[in-house]
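Engineer: Sequence first, then the predicted structure:
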Amino acid sequence: MKVYILKCSDGSYYTGVTSNLEKRLKQHQDGAFWNCYTFDKRPILLMFYREFIDNMEAIAFEKQVKGWSRAKKEALINGDITKLKELSKSKKQVSPNASSSSA
């Protein structure tokens, strides 16, 4: 199984999983499925893919990446592991009253 990231004509990213990347890319490019996210965002460009031996790992990774910010996806695409780790650090929680001033 392969997890892949496409860049759409509107600049957005689409993340998917497939057992046949070449066939799936052709389907995206040809608009084979009218209800697919990429249908009206063609042409598409393959930006990244990673192969998995275990199908469940591939599906879990796809779901994880789908939840990532654009910046994290771009760090993955660019192979920038340092930036990916930085962006993965949990942000400190700010108290709701932190920006309020007392009178």
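Structural biologist: Structure received. Numbers count the residues shown, from 1 in each chain.

Engineer: my guess is residue 24 contacts residue 18, does it?
Structural biologist: Yes: the pair residue 24 / residue 18 is scored as a contact, 4.0 Å apart, by Cβ atoms under 8 Å. No exception for glycine: its C-beta is placed from N, CA and C like everyone else's.

Engineer: Now do the shared contacts for the two.
Structural biologist: Residues touching both residue 24 and residue 18 by Cβ atoms under 8 Å, 6 or more residues apart in numbering: residue 4.

Engineer: Residue 65: which element?
Structural biologist: helix 55-66 (DSSP states H and E).

Engineer: Flag every buried residue along that helix.
Structural biologist: Buried residues in helix 55-66, counted by 16 or more other Cβ atoms under 10 Å: 58, 61, 62, 65.

Engineer: Kindly indicate which of those residues lies nearest residue 31.
Structural biologist: Here the nearest of those to residue 31, counting by Cβ to Cβ, is residue 62; it sits at 21.5 Å.

Engineer: residues contacting that closest one?
Structural biologist: Going by Cβ under 8 Å, 6+ apart, residue 62 touches 3, 15, 16, 17.

Engineer: On the strand side of things, show who the last one bridges to.
Structural biologist: This points to residue 17. residue 3 (DSSP bridges).

Engineer: Let the chain start at 327 from now.
Structural biologist: Taking 327 as the first residue, the last one we looked at is residue 343.

Engineer: what's the distance between it and residue 331?
Structural biologist: For residue 343, the distance to residue 331 (Cβ to Cβ, to the nearest Å) stands at 11 Å.

Engineer: Now do the strands in the protein.
Structural biologist: 328-333, 339-344, 371-377 (DSSP state E).
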